[in-house]
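Trainee: Could you look at this predicted model? Sequence included:
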Amino acid sequence: MTLTGKTLDEDVKLVKKYEKYIDLVELRVDYLNEDEQLYARRFPSMIYQPCILTIRRDVDGGLFSGGEFARTNLFGRALAFANPDKAKNFAFVDFEDDFHIPSIQDAAMAFGVRIIRSYHNMTDPVLNIRERCDIMRKTGYEIPKIAFMPHSLSDVLNLFKEGERMTQYDHILCAMGPLGFPSRILASYTNSFLTYVSPSEGIEHTKSIGHIDPIMINDLYHFKSINQDTQLYGISGWPLVKTSSPEIHNKGYENKALNALYLPFRSPLISDTLSFCEKIGVRGLSVTIPHKESVLYYLHEQSPEVAQIGACNTIVRKNNKWLGYNTDATGFRRALEEFLGGVKLKHKKVSVIGAGGAAKAIIYTLKLMGAKVCIFNRTVETAAKLADKYGFSYCELSPHCVSKLNEYSTLIVQTTSVGMNSEGPSSSENDPIYFYDFKGSEMVFDIVYEPSVTPIMKRAAIAGCKVCNGYKMLEYQGFEQFKLFTGLDYE
Ligand code: NAP
């Protein structure tokens, strides 16, 4: 666990808080107040965990800008006066690949402090990983570390391929940023000696390079029980900032005692995600924004629902083929029927706001339920195309559509991403029908579930409407995905 507190005491508190989740801590001296930096030597005896000493320069993603002379002095102070009780010394020290001060290195080695020999590239990928590690590791004492910023999942795949073959010596490999996330969770696949996490208190400092907190890596991703037999599943999307799907699926595997793991594979290109997942043996994927339609091109087989809806949110790998399904439709139907509580939609007038991937499954379902639908979308052409397919009405999503909304107001289904992750009061930014005054008789189903009460839901509820968010839909479509992935019932 990387410690980025301003004082040693602050860092000690974090170690105590997370001690049952971690095996090793990294004291980032570059984050300490300047006066505290001088006392870094005390830190190992203040905690009961082995500790890495790191003073990261700004060029390598750290905060230290005091020059190499000052940094060398700090290393010297922190490593001096070795204690016969090894637990009171730093267990590791991180020296960058271009930092070679023989006296300090010799002192570290003499005191039994292992050297992590690191190379960081904060902007570009490193491709010749194995060769570079071989060169960096000048003595058997050193653990080469390469951390780089991938440009695509192909760069991350290269790290997996190279790391997989590196079984001869300890090494640390990580691909940073959202693309590199699988390298952090699947560190055992690259034989990496460790993976870095950050306490939630300091996560803002390391989030952009891809750290998650120690509780999440253990309780959600079961990091320590991942092995070569673990069945891999996940979710593909971009930017996929937040998703609740790992909670749903990983809890299901736990309940059924399956050696399986579900994690995000973020990429703007579905083709990259698919080749990455094929190579590392992923057996199934949830597919979300913006890939639900582009993935169709790569499917070897489509379920009848996918063919009809024209969007796919679930793919399963079988016999080297990708098979496509749509569980949004059935997940939505189950959640909607619960929400309606017996109200039938046959011949009822329903508004659907949005005409994207999710709306396609929803409109298909509303057709099966016998509703009369009007589709409202910012890009009116997309609404027109969908409406034409099912014999429904459509309208441009703008203040001019108020009378149509009034007409189709038994149920309003909100399917745009507007309002997602927005906590504020309703505005033109976060409420797609901010111009519509609720009568109080409408039922409002927003398929967004983060936040749990979206701005449109808040406004509708105040007017007296019955409202519902998309969490149940997410769960129910996830349960069906679980069945497609594992063959087992979730519930
Ligand atoms: P999508 O295919 O990208 O479609 C996005 C839709 O939102 C389009 O209709 C788009 O209109 C509209 N939109 C985006 N920004 C807008 C803006 N500023 N003003 C007006 N309209 C805007 O995405 P999707 O897959 O359908 O997902 C949409 C939302 O549903 C996401 O928030 C997603 O998390 C949620 N979702 C929830 C579940 C669940 O299980 N609860 C399942 C699927 C999706 P244009 O056509 O004009 O671009």
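Mentor: Good, I have the coordinates. On a predicted model such as this, the values are computed, not experimentally measured, just so you know.

Trainee: just the helices in the stretch 351-491 of the chain please.
Mentor: 357-368, 380-390, 402-407, 455-462, 471-486 (DSSP state H, counting those that start in this stretch).

Trainee: wait, I meant the stretch 51-200 of the chain
Mentor: Going by DSSP H, counting those that start in this stretch, the stretch 51-200 of the chain shows helices at 68-79, 102-110, 129-136, 153-164, 181-185.

Trainee: closest to the ligand out of those helices?
Mentor: Of all those, helix 181-185 sits nearest to the ligand, with 18.6 Å by C-beta to the nearest ligand atom. (Glycine included, C-beta is placed from N, CA and C.)

Trainee: buried residues in the worst-scoring helix or strand of the chain on mean pLDDT?
Mentor: Lowest by mean pLDDT, DSSP states H and E among the helices and strands of the chain is helix 102-110, with a mean of 88. Residues I104, Q105, A107, A108 are the ones in helix 102-110 that count as buried (16 or more other C-beta atoms under 10 Å).

Trainee: Could you do stretch 155-164 as well?
Mentor: D155, V156, L157, N158, L159, F160, E162, G163.

Trainee: Domain ranges for the protein, per the record?
Mentor: 2-224, 231-328, 332-474 (automatic domain parsing).

Trainee: if I pick the residue nearest to M1 when sequence neighbours are not counted, what's in contact with it?
Mentor: Nearest residue to M1, sequence neighbours excluded (C-beta to C-beta, 6 or more residues apart in numbering): I22, at 4.5 Å. I22 is in contact with M1, V15, Q49, V197, P214, counting by C-beta atoms under 8 Å, 6 or more residues apart in numbering.

Trainee: cool, A80 as well?
Mentor: Here A80 is in contact with R41, A107 (C-beta under 8 Å, 6+ apart).

Trainee: likewise I172?
Mentor: When contacts are counted by C-beta under 8 Å, 6+ apart, I172 is found next to I116, S118, I143, P144, K145, I146, A147, S192, F193, L194.

Trainee: mind checking how far the closest residue to the ligand within the stretch 1-150 of the chain is from E26?
Mentor: Residue nearest to the ligand within the stretch 1-150 of the chain: P150 (24.2 Å; C-beta to the nearest ligand atom). Going from P150 to E26 by C-beta to C-beta, to the nearest Å gives 22 Å.

Trainee: As JSON lines, the helices of the stretch 51-200 of the chain with distance to the ligand would be great.
Mentor: As requested, these are exported to JSON lines (distance: least, C-beta to the nearest ligand atom, whole Å):
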{"stretch": "helix 68-79", "distance to the ligand": "45"}
{"stretch": "helix 102-110", "distance to the ligand": "49"}
{"stretch": "helix 129-136", "distance to the ligand": "35"}
{"stretch": "helix 153-164", "distance to the ligand": "20"}
{"stretch": "helix 181-185", "distance to the ligand": "19"}
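
Trainee: which of these has the lowest average pLDDT?
Mentor: The minimum mean pLDDT among the helices of the stretch 51-200 of the chain belongs to helix 102-110 (a mean of 88).

Trainee: For the chain, which residues are neighbours of the ligand?
Mentor: Residues of the chain lying near the ligand by C-beta under 6 Å from any ligand atom: 289-290, 292, 328, 331, 354-359, 377-379, 382, 397, 415-418, 420, 432, 447-449, 470, 473-474, 477.

Trainee: So which of those residues sit within strands?
Mentor: N377 (DSSP state E).

Trainee: from the residues of the chain next to the ligand, which would you call buried?
Mentor: Neighbour-count burial (16+ other C-beta under 10 Å) applied to these gives 292, 328, 331, 354-359, 377-378, 382, 397, 415-416, 418, 420, 432, 447-449, 470, 473-474, 477.
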